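In: Pasting the sequence and the predicted model now:
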Amino acid sequence: MVQSSVLGFPRMGKLRDLKKATEAYWGGKISRDDLLAEGKRLRLEHWNLQKNAGVDAIPSNDFAFYDQVLDHIQLFGVIPERYSKYNLDPLDTYFAMGRGLQKEGVDVPALEMVKWFDSNYHYVKPALADNQVFKLASDPKPVREFLEAKAAGIVTRPVVLGPVSFLVLAKADRGASVNPITKLADLLPAYVELLKQLKAAGAEDVQIDEPVLVFDLSAEAKAAFKPAYEQLGSLGASAPRLTLATYFGDIVHNIEVLSSLQSLHAIHVDLVRNPEQLDTVVAALGPKQTLSAGVVDGRNIWKTNFKNAIEKVEAAIQKLGKDRVIVATSSSLLHVPHTLDSEKGLDAEVRDWFSFAVQKLAEVVVIAKAVTEGPAAVSAELEANAKSMQSRATSKRTNDPAVKARQAAVTAEMHNRISAFPTRIAAQTEHIKLPLFPTTTIGSFPQTQNIRRVRNQFTKGEITPEEYEKFIENEIKDVVKIQEELDLDVFVHGEPERNDMVQYFGERLTGYVFTTHAWVQSYGSRCVRPPIIVGDVSRPAPMTVKESKYAVSISQKPMKGMLTGPITCLRWSFPRDDVHQSVQAQQLALALRDEVVDLEAAGVKVIQVDEPALREGLPLRTGAEREKYIKWAVEAFKLSTAGVADTTQIHSHFCYSEFQDFFHAIAALDTDVLSIENSKSDAKLLKVFVDEKFAAQIGPGVYDIHSPRIPSEQEIKDRVEEMLAHLSPDQLWINPDCGLKTRAWPETKAALTNMVQAAKYFRQKY
Ligand code: GLN
Ligand code: ZN
């Protein structure tokens, strides 16, 4: 019989219950026990959903209060001394590492957080000391949660991040120089101990995630699999069977690693992203090994095409037999929203095309049943599915001839500004008049409870559009005044009208569908609600001009217009899977181009087009596919911004720190000013901008906005000093890492006051 399995389930709950509880705990509104109880309630609810759907292999330890990698940091005792020295409650140490802590004599910034592969989820990066010791926590979380499920009558398959991935995803801590992978032998005993404890608790199966197998691995990392899995695989009856999971790519380029994994029970591969790897992987399996076939998309919300999925699974069964194939989600379902049932307002036509986490549970079960018992056993489901596929393929919503005609008329010149950067910057200096070391922010100011409350009232029709507009104007007026007081140089309107930087635009573009409850976790308690691109995209009317125009009219200083770039709109939406992403990006670019031109006409001299997601879209491996992506992504950005005069200053913004391998793409965007997240990384990273003779201006973030911690003026000065070792004074902008929407006002004002003071200091000095 072919089993069904799920690699991980979203943690937040139907109504973002976990977000609410953790934030209440951080705010001192509920106790530690209340929070723990809420976590337990959610885990149980999610296990039961899976059990009732008929899923055979149900995951545990996929739950996390902040991030699953952070869980492993704590599980193996990789806690830097600056956190452990306070002897806080373990839960508070955990949150201190995740988000920093500044309270009652404790003052420590968060560990670095970076994107999880090419998703919009972020994980906390393990930071190893040179003399790192690994020690399995007492009462290890995977064991605890396994027992918790067992007590509720559900035998789960615990999920553990594998040792090689844990180390490849780690880095040397500040001031250390250790190459994490060299610590493998020290780490393995902790895994051995963990597996033994899991077995003793009754776990027969464990899912061990080694997603780094989809990367181009260093020779060292590749070689690490053999010793790691010889040791973990040789535990025999004292350990559970292991299913090694990979996702978000193919493992063909690392296929020889499989020969050292022969003692494992099963290998999971992502057959949604890379169906073509099936034959190679099957051929490399050992004679008794099982294939876990990831055929239900864990990254997108489209209903699974049963016919295609069944064909893939059947192809595997032909070679391996029914007992050696498992039907699975392609990855954890962490990246899709909880349930479609919460969406009350969706148009029936498109609703029928979607499948969220809860619906995907039923999908794996139906597919497993179809291949076990034959299609007749699920004929009604197959029939309904075929009908739904047909309806989407032929719907009018997916195809707009006017958009296609406009795309056909795009020319090469439309991608380039009128003059090159030196000419433009001269014209802008004249037109905009800025001091040395100009200060600015990235766009959003705190989205206060009041803003959210009034927006809610407006959405529910409790206040009129006029009242809402007045409210937004007042908010803009307030932030303009605050920026005047802070003495910033380039103002922003603060984005009070925006629920989210992508959703806001999605709601104003045709071709998009948006949801009310379809949240996915981005980092910690932060969730995003990606809109869904269902058809060809166009802009029926200006989207941001009214607010920006008003902001310009009331401020003495230059006002920056704020847009989300085409690639970020694409990446942070659920994209179509029936049209290539480059086509969707170009449609978005044309819509944004109109907006940029309209902003310029409305008197906005500085326009920032954010592309924080540009880097995450980069195919995970180097080579032709990556080059192709860079080409179409850069073209989309340029198409969206190149319609303006030389005097209009185009900014862009990126939040991630790993831009070393991506420098050429960033430079190719031909922006006038670039702001990048940098406060948590080494300023040495900026060297590439010098080495590559980056001509345009740049604002590497001077402080971390993900944490409520207030940076001192001295800290910021030190930061800028480091930057000046690499960048010239007339090139440097002073700004935070990213937008301030998740922060509260007191810390925002305090941090920006220190930032402006620091900028003034350097202005005097140079
Ligand atoms: N302009 C956006 C803001 O400030 C940018 C957010 C982002 O880069 N993630 O909120
Ligand atoms: Zn950002």
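Out: Now that the structure is in, tell me what you want to look at. As the structure is a prediction and not an experimental result, all values here were calculated from the model. Ligands and ions are numbered 1, 2, ... in the order given.

In: Pull up the residues of this protein that are close to ligand 1.
Out: Taking C-beta under 6 Å from any ligand atom, the part of the chain that reaches ligand 1 is made up of 442-444, 495, 501, 562, 610, 612, 653, 655, 738-739, 741. For the C-beta atoms, the positions are set from N, CA and C on the backbone; glycine is no exception.

In: Which of these scores worst on pLDDT?
Out: pLDDT across the residues of the chain next to ligand 1 is at its lowest for residue 655, which sits at 85.

In: Next one: the residue lying closest to that residue once chain neighbours are set aside, what pLDDT does it get?
Out: Spatial nearest neighbour of residue 655, chain neighbours left out: residue 677 (3.9 Å); criterion: C-beta to C-beta, 6 or more residues apart in numbering. pLDDT recorded at residue 677 is 91.

In: just the one 10 residues further on next, same as before
Out: Residue 687 is assigned 84 on the pLDDT scale.

In: same question, residue 662
Out: Residue 662 carries a pLDDT value of 85.

In: Quickly note the distance from the closest residue in space to it that isn't next to it in sequence to residue 276.
Out: Once flanking residues are discounted, residue 662 sits nearest to residue 615: 5.5 Å by C-beta to C-beta, 6+ apart. According to C-beta to C-beta, to the nearest Å, residue 615 and residue 276 sit 26 Å apart.

In: quick revisit: is it true that the residue nearest to residue 655 touches residue 699?
Out: No: contact between residue 677 and residue 699 fails when scored by C-beta atoms under 8 Å: they sit 10.3 Å apart.

In: Look at these two and report which has more neighbours.
Out: Taking neighbours as other C-beta atoms under 10 Å, residue 677 and residue 699 compare with residue 699 leading, 26 against 23.

In: Is that one located within a helix, as I assumed?
Out: No: Residue 699 is assigned strand when assessed by DSSP: H, G, I helix; E, B strand; the rest coil, not a helix.

In: show me the contacts for it.
Out: 440, 673-676, 732-735 (C-beta atoms under 8 Å, 6 or more residues apart in numbering).

In: Out of these, flag the one nearest to residue 588.
Out: The nearest member of the contacts of residue 699 to residue 588, counting by C-beta to C-beta, is residue 674 at 20.4 Å.

In: For the closest residue to ligand 2 within the stretch 251-400 of the chain, what are phi and psi?
Out: Closest contact between the stretch 251-400 of the chain and ligand 2, by C-beta to the ion, is at residue 335 (19.9 Å). Main-chain torsions, residue 335, degrees, to the nearest 10: phi -90, psi 0.

In: ok, it - contacts?
Out: Residue 335 touches 119-121, 298-299, 520, counting by C-beta under 8 Å, 6+ apart.

In: list the contacts for the closest residue to it other than its chain neighbours?
Out: Distances taken as C-beta to C-beta, 6+ apart place residue 299 nearest to residue 335, at 4.9 Å, with adjacent residues excluded. Contacts of residue 299 were listed using C-beta under 8 Å, 6+ apart, and they are 119, 248, 272-273, 330-331, 335-336.

In: Now for those, which sits with the most neighbours around it?
Out: Counting neighbours by other C-beta under 10 Å, residue 336 leads the contacts of residue 299 with 29 neighbours.

In: Hmm, that one is touching residue 356, no?
Out: Yes: using C-beta under 8 Å, residue 336 is in contact with residue 356, at 5.5 Å.

In: Give me the common contacts of those two.
Out: residue 301.

In: would the residue nearest to residue 662 count as being in a strand?
Out: No: read with three-state DSSP, residue 615 is coil and lies in no strand.

In: distance of residue 77 from ligand 1?
Out: For residue 77, the distance to ligand 1 (C-beta to the nearest ligand atom, to the nearest Å) stands at 33 Å.

In: show me what contacts that residue?
Out: Residue 77 neighbours (C-beta under 8 Å, 6+ apart): 133-137, 190.

In: Might you enumerate the residues of the protein proximal to ligand 2?
Out: Taking C-beta under 5 Å from the ion as the measure of proximity, the chain contacts ligand 2 at 612, 655, 738.

In: how near is the closest residue to residue 260 other than its chain neighbours to residue 574?
Out: Excluding the flanking residues, the one nearest residue 260 by C-beta to C-beta, 6+ apart is residue 226, at 3.8 Å. Using C-beta to C-beta, residue 226 is found at 39 Å from residue 574.

In: This completes my enquiry, with thanks.
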